[in-house]
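Student: what follows is a predicted protein model with its sequence.
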Amino acid sequence: MPIYEYRCQNCGEFERMQKISEEPLKNCPNCKGEVQRLVSRSVGIAFKGPGFYKTDHGTAKDRARKINKERQKDNEAILDGDIKSYVKQSEETTRKIQEA
Ligand SMILES: [Zn+2]
């Protein structure tokens, strides 16, 4: 399940685990104040987060490209709303990155 980040005007930022199909929170569970959803670190936009390397070095560049491609698959899975595939894909990517 992805973790979403919110910002409450009274309590500051907090994280909340939610299903992809779930409606985003409108009010803080703490103070009932208005909250704003932030772009999540764990879901992110393509090429964000761990596994994204930027370097001009040839070999590392190829590796980075490969890893980015894997991360891209994660993002595609989540865009499809297929959480099971996302988790599986994401775990696989993490394993590949660790092995790289
Ligand atoms: Zn609050």
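Tutor: In hand now; what should we look at?
Student: give me the three-state assignment for Glu15.
Tutor: Classification of Glu15 using DSSP: H, G, I helix; E, B strand; the rest coil returns strand.
Student: just Glu5 next, same as before
Tutor: Using three-state DSSP, the structure places Glu5 in strand.
Student: in space, what's closest to it - neighbours in sequence excluded?
Tutor: Of all residues not flanking Glu5 in the chain, Leu38 sits nearest, at 4.1 Å (Cβ to Cβ, 6 or more residues apart in numbering). All C-beta atoms are positioned from the backbone trio N, CA, C, and that covers glycine.
Student: which SS class is Leu25?
Tutor: The local conformation at Leu25, judged by three-state DSSP, is coil.
Student: so is the closest residue to it other than its chain neighbours in a helix, a strand, or just coil?
Tutor: Spatial nearest neighbour of Leu25, chain neighbours left out: Val35 (5.5 Å); criterion: Cβ to Cβ, 6+ apart. What three-state DSSP gives for Val35 is strand.
Student: quick one: residues contacting Asn27.
Tutor: 33-35 (Cβ atoms under 8 Å, 6 or more residues apart in numbering).
Student: can you say which of those residues are buried?
Tutor: Listed as buried from these are Val35; burial here means 16 or more other Cβ atoms under 10 Å.
Student: returning to that earlier point: show the pLDDT at the residue nearest to Leu25.
Tutor: Looking at Val35, its pLDDT stands at 96.
Student: below-threshold pLDDT in this structure: ranges please.
Tutor: By pLDDT under 70, the weakly predicted segments of the chain are 40-58.
Student: and it, which residues reach the ion?
Tutor: 8, 10-11, 28, 30-31, 33 (Cβ under 5 Å from the ion).
Student: how far away is Gly33 from Thr94?
Tutor: For Gly33, the distance to Thr94 equals 35 Å [Cβ to Cβ, to the nearest Å].
Student: again with Cys31
Tutor: Separation of Cys31 from Thr94 (Cβ to Cβ) stands at 35 Å.
Student: run through the residues that contact the closest residue to Glu13 other than its chain neighbours.
Tutor: Counting by Cβ to Cβ, 6+ apart, Arg7 is the residue found nearest to Glu13 once chain neighbours are left out, at 4.9 Å. By Cβ under 8 Å, 6+ apart, the contact set of Arg7 is 13-14, 35-36, 38.
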